[in-house]
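In: 3D model of this:
(one chain, ligands or ions: 1)
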Amino acid sequence: MKSEEKKERIEIREAFHLNWRAIGIWWKHYPLVFLSSAAFSLVNALTPYVGIWLSARIINELAGARDPNALLQLVIAALVSAALLSFLKAVTERWRNAQHAEKHVKVYKILTDKFLTMDFCLVDAPHTQDLYAQIRQNMQWSGWGIRRIPDNFEAVINALCQIAGAAALSVSLFTQMVPESAGTLVVFNHPSLVCVLILPLLAVTILSPILTTKADSYYASCADGAKKGNRTFGFYGFMGYDRRRALDIRMYCQNLLCQKYFLHSDNVFTTKGLLAKFARGKVGGLYALSSALSYVLTGLIYVYVCLKAYGGAFGVGSVTQYVGAITSLTGGMTKLLTTLGEMYTNTPFLRTAFEFLDIPNQMYQGSLTVEKRSDRNYEIEFRDVSFRYPNTGAWALRHVSARFRVGERLAIVGKNGSGKTTFIKLLCRLYDPSEGEILLNGIDIKKYNYQEYLSVFSVVFQDFQLLPFSLGQNTAAAAQYDAGRAETALQEAGLGKSSPLWKNGLETVLYKQFDDNGVEVSGGEAQKVAIARALYKDAPFIVLDEPTAALDPIAEAEIYEKFNEIVGDKTAIYISHRLSSCRFCDEIMVFDHGSVVQQGTHEALAADEAGIYHQLWNAQAQYYQ
Ligand code: ADP
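Out: Now for the predicted structure:
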């Protein structure tokens with residue numbers, strides 16, 4: 001797998017721009033993440049300095065005048081400030097932890113909201129799915145991408161506070177002079193010596209984070225390999241326990257097959273993998289060098305501060321203050337530069353995230369409202385509609401014209417792959433026709449507000465999905481529902497009171513994901529709830545797109561005919577590749593290779609011996625005899 005992320009050069013400007021944009025997104029949705037981080041960082045970074053400053057004063061007093069009153073005041077100040085700061089730290093830390101605990105959920109909310117507002121055709125597009133898979137895996141790999149922003153922000157604030165506090169405490173180290181009586185040590189008063197000392201300090205301070213960033217970049221370059229490793233790991237993390245796979249896994253010992261890949265040296269996470277190799281080699285060396293340089297730096301600081309104190313520039317107590325402050329100053333600068341390096345390394349991952357978040361919607365969004373008609377006199381017309389799925393050459397629908405009015409029973413039949421579901425997708429405006437137009441009451445459906453337009457339809461798709469919430473909520477597809485209507489819809493859909501789904505009435509929770517007392521739902525029961533959901537919506541057009549595909553042909557025919565009785569004055573559109581299910585319909589459209597090849601009643605179509613309907617009918621008749 002090749003990675004564009006690691007190959008393209010990253011410009012500083014781009015790194016800044018993308019990080020800034022990502023901060024903006026977090027700030028817009030979750031400002032408290034930043035505010036709590038800033039409060040905690042401020043208290044956390046400043047706390048040690050108060051202690052350092054006061055203990056230096058106490059030691060100086062002990063080593064100097066030893067005034068009991070002054071000592072008492074300093075000790076009280078040290079105790080009170082320590083207690084207050086500990087309290088503040090605990091409060092801000094809890095606030096910060098509470099805000100950060102949801103970070104994972106928050107970032108998924110940002111990404112999912114994008115999905116939910118995207119044109120369906122874009123959600124369906126392989127490129128969108130691929131981008132999203134990359135984003136998820138970058139996050140799982142090491143929190144790369146948008147997920148990292150609050151941590152980086154906190155580290156920057158922390159470092160800045162640390163630098164400010166340390167700088168305030170260190171200034172006097174350079175302004176306090178060694179007295180003339182100290183002999184050669186007066187050399188420390190010379191400004192050029194200060195420069196000679198500060199330059200290596202700065203060099204080491206900068207070099208250390210550069211080495212860490214370089215080491216991080218090796219890790220980041222493993223992102224693609226890590227994706228593969230995570231997928232392999234997925235077998236143990238997510239598939240091993242999946243009961244839908246349990247039979248296959250046992251029957252064919254598939255765990256052995258997966259294990260082969262899991263332990264393979266291609267897997268970056270194994271001891272023979274790339275990460276371990278980096279840790280033993282370049283990365284380990286860089287981290288060690290970076291850490292060694294930090295220790296050399298601390299040694300240098302000690303020498304300078306101790307010699308100045310020895311020369312008499314300040315008291316012994318101040319040695320702890322200055323060593324603490326300078327170590328903290330360089331530590332803060334290292335932290336700042338390391339975090340900036342990390343933000344730079346994160347740029348390609350942000351690029352991927354923004355490529356996804358910036359996918360523009362392409363479908364025209366109209367604003368017309370759909371006329372609310374008490375007589376439900378709506379009419380849909382497909383006018384010479386042709387359609388090709390994006391990035392495909394073949395026509396999924398070709399020159400389809402159809403018209404259906406309220407109260408009609410329309411069937412769409414045809415072999416698998418003949419275009420039936422595509423027809424429904426276009427009807428629901430999940431895609432726009434490539435040619436031709438679809439009209440509702442004579443107006444192109446593009447001109448309607450989409451939510452308004454959707455309110456005219458209830459569709460039970462082949463792969464409908466229920467949620468692990470209550471029976472009533474599933475029926476109404478809403479948190480609050482009208483119990484009377486929900487019960488009627490479920491009864492009409494044939495969910496008898498003897499079903500376990502009625503265990504706690506409409507409050508029965510379906511499935512066990514959220515509730516141990518939830519009931520498992522069989523395929524047949526799920527269908528009934530899905531049909532009840534369509535009935536509850538009470539839309540003028542109701543579509544059944546083979547939601548019964550798992551049933552045998554006779555059971556499907558029974559459900560369709562029963563449904564025919566329930567739908568009353570609504571327009572019902574039935575899709576099936578089983579002709580018998582739809583023979584009661586007023587009008588049957590036969591699809592073949594994306595075109596409507598025949599249209600008429602069952603009797604007329606079955607009588608046409610040259611037609612495809614006749615052939616299919618005879619081929620399938622064995623099931624019903
Ligand atoms: P049916 O519902 O009759 O089984 P479909 O409408 O699902 O048929 O499919 C019609 C044609 O469109 C088929 O050739 C199918 O492979 C193709 N097709 C369906 N969905 C997609 C898609 N998302 N992308 C590309 N081609 C698709």
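
In: rest of the way, CA atoms for contacts and neighbours
Out: OK.

In: and this structure, which of its residues are near the ligand?
Out: Proximity of the chain to the ligand is assessed by CA under 6 Å from any ligand atom, with Tyr389, Ala396, Lys415, Asn416, Gly417, Ser418, Gly419, Lys420, Thr421, Thr422 identified as the residues in range.

In: most surrounded residue in those?
Out: Among these, the one with the most neighbours (other CA atoms under 10 Å) is Lys420, at 30 neighbours.

In: and the gap between the residue of the stretch 251-400 of the chain found nearest the ligand and Asp463?
Out: Closest contact between the stretch 251-400 of the chain and the ligand, by CA to the nearest ligand atom, is at Ala396 (4.4 Å). Here the distance between Ala396 and Asp463 works out to 20 Å (CA to CA, to the nearest Å).

In: Ala168: neighbouring residues, count only.
Out: For Ala168, the neighbour count with other CA under 10 Å is 12.

In: residues in contact with it?
Out: Contacts here follow CA atoms under 8 Å, 6 or more residues apart in numbering; on that basis Ala168 touches nothing.

In: So for the closest residue to the ligand within the stretch 501-625 of the chain, what pLDDT did the model give?
Out: With CA to the nearest ligand atom as the measure, Gly594 is the residue of the stretch 501-625 of the chain nearest to the ligand, at 6.6 Å. The confidence metric pLDDT takes the value 95 at Gly594.

In: and if you look at Asn230?
Out: The predicted local distance difference test score for Asn230 is 69.

In: now Ile424
Out: Note on Ile424: pLDDT of 93.

In: What separation is there between it and Tyr378?
Out: In this structure, Ile424 and Tyr378 are 17 Å apart, going by CA to CA.

In: Surely Val323 is within a helix?
Out: Yes - when classified by DSSP: H, G, I helix; E, B strand; the rest coil, Val323 is found to be part of a helix.

In: Thought Leu300 was touching it, still the case?
Out: No - counting by CA atoms under 8 Å, Val323 does not reach Leu300; the two are 10.0 Å apart.

In: For Leu495, which three-state class applies?
Out: Leu495 falls in the coil class when you classify it by three-state DSSP.

In: For the nearest residue to Cys428 once chain neighbours are set aside, the count of nearby residues, please.
Out: Distances taken as CA to CA, 6 or more residues apart in numbering place Leu454 nearest to Cys428, at 6.7 Å, with adjacent residues excluded. Using other CA under 10 Å, the number of residues around Leu454 comes to 17.

In: Spatially central residue in this protein, please.
Out: For the chain, the residue sitting closest to the mean C-alpha position, by CA atoms, centre = their mean, is Tyr108 at 2.7 Å.

In: any idea of the pLDDT on it?
Out: 93.

In: likewise the one 5 residues further on?
Out: Per-residue confidence (pLDDT) for Asp113: 94.

In: quick one on the thing from earlier: let me see the contact set for the residue of the stretch 251-400 of the chain closest to the ligand.
Out: Each residue near Ala396 by CA under 8 Å, 6+ apart is listed here: Ser386, Phe387, Arg388, Tyr389, Ser418, Gly419, Thr422, His593, Gly594.

In: correct me, but the residue nearest to Cys428 touches Leu426?
Out: No - using CA under 8 Å, Leu454 and Leu426 do not qualify as a contacting pair, with a distance of 11.8 Å.

In: show me where pLDDT drops low in the stretch 51-200 of the chain?
Out: By pLDDT under 70, the stretch 51-200 of the chain contains no weakly predicted segment.

In: brain fart, the chain
Out: Low-confidence segments of the chain, defined by pLDDT under 70, are located at 1-8, 227-228, 230-239, 265, 374-375, 549-551, 622-625.

In: Quickly list the domain ranges of it.
Out: The record's domain split for the chain, according to automatic domain parsing, is 4-222+268-357, 466-538.

In: Now distance to Leu247 too, for these, in a markdown table please.
Out: What follows is the domains of the chain, written out as a markdown table (distance: least, CA to CA, whole Å):
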| stretch | distance to Leu247 |
| --- | --- |
| domain 4-222+268-357 | 28 |
| domain 466-538 | 18 |
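
In: tell me the contacts of Phe461?
Out: Phe461 sits next to Leu544, Asp545, Glu546, Pro547 when contact means CA under 8 Å, 6+ apart.

In: try 10 Å this time
Out: Phe461 makes contact with Thr421, Ile424, Gln527, Ala530, Ile531, Val543, Leu544, Asp545, Glu546, Pro547, Thr548, Ile575, according to CA atoms under 10 Å, 6 or more residues apart in numbering.
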